[in-house]
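Visitor: quick one: sequence and predicted model below, then my questions.
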Amino acid sequence: MTKTPKTLVLLCAAAAAALFAGCGDAETPAPKAAQETPAKPAVPEEIQSAARELLGTETQVLAFGDLARTGNQQFLAANVVPKTPTHNLPGTIVTRAVLAEKKDGTWAELLRCDEHLKNGKGYLALTPLEPVTGWRLQFEQSAVQGLVLYFTPLQLAGSPHVLPIGVRWNPATKRYQSLDRNFENFLPEAPSLENARSRLR
């Protein structure tokens, strides 16, 4: 029996409909790669141990690696305040934080955030005169500038609109220093709090 062109077209259309009938979205699972978020790399025990030595047992490592783009290993660790129904502020709230670098096989502290912001040369510019009991910590990793941190003091008396203090690695001085209000130029440290007087308002 010879099939006419019209019959062939109808047979092809029927075959195509049967082929695509089983390809509905409801039956096709989404690829696993699109559903799963990649896990953060595990913190090496050496870094976790060094962080505990600097800040105590309740320490969380927030970032590690070549943070300053100098070729040296560093880590950022903090005592993080857990979120609760009465404390649900945005960002990471910390009471203390530290940045450390591995030198000659040992970890050396580069920057400390407790009641004030300090490095090995003194108090960072813009650090508040009043002791700070908590900070909102935000940070980002730039491919060019390395780690950039923003420390915002919480509950400063008489300062309803507190601005964040930017901190970044200064390749010229080879240490972490605070930045001006445009987050562009580095500010020198001060040996005493009076000289590091804050202008946070």
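Guide: That came through, no problem. Numbering: from 1, shown residues only.
Visitor: which element, helix or strand, includes the spatially most central residue of the chain?
Guide: The centre of the chain sits closest to residue 139, judged by C-alpha atoms, centre = their mean, with a distance of 4.1 Å. Applying DSSP states H and E as the criterion places residue 139 in strand 135-142.
Visitor: beyond that strand, next helix or strand please.
Guide: Remark: after strand 135-142, the chain's next helix or strand is strand 146-153, criterion DSSP H and E.
Visitor: and that following strand, C-alpha only, in CSV?
Guide: Output in CSV follows, covering the C-alpha atoms of strand 146-153 (Å, rounded to 0.1, in the frame of the first residue of the first chain):
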residue,chain,number,x,y,z
GLY,A,146,42.0,41.8,49.2
LEU,A,147,40.0,41.7,52.3
VAL,A,148,37.9,44.8,53.1
LEU,A,149,36.3,45.1,56.6
TYR,A,150,33.6,47.4,57.9
PHE,A,151,33.2,47.7,61.7
THR,A,152,30.1,49.5,63.0
PRO,A,153,30.0,50.1,66.8
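Visitor: residues in contact with that strand: which ones?
Guide: Residues outside strand 146-153 that contact it (C-beta atoms under 8 Å, 6 or more residues apart in numbering): 63, 66-70, 74, 76, 91, 99, 113, 117, 128, 132, 134-142, 159, 162-169, 176, 183, 200. C-beta: built from backbone N, CA, C; applies to glycine.
Visitor: repeat that with 7 Å
Guide: 63, 67-69, 76, 113, 117, 128, 132, 135-142, 162, 164-169 (C-beta atoms under 7 Å, 6 or more residues apart in numbering).
Visitor: quick one: that strand to strand 135-142, angle?
Guide: Orientation of strand 146-153 against strand 135-142 (axes from the mean of the first three to the mean of the last three C-alpha atoms, to 10 degrees) gives an angle of 160 degrees.
Visitor: go through strand 146-153 and flag the buried ones.
Guide: Neighbour-count burial for strand 146-153 flags 146-153 (criterion: 16 or more other C-beta atoms under 10 Å).
Visitor: same question, stretch 113-120
Guide: 113-119.
Visitor: coming back round to it: can you flag the buried ones in the contacts of strand 146-153?
Guide: 63, 67-69, 76, 113, 117, 128, 132, 135-137, 139, 162, 164-169.
Visitor: run through the bridge partners of the residue nearest to the centre of the chain.
Guide: Beta-bridge pairing for residue 139 (DSSP bridges): residue 149.
Visitor: end to end, how far does stretch 48-66 reach?
Guide: 16 Å (C-alpha to C-alpha, to the nearest Å).
Visitor: and that stretch, how far from the chain's centre?
Guide: Centre-to-centre, stretch 48-66 and its host chain are 14 Å apart (C-alpha atoms, centre = their mean, to the nearest Å).
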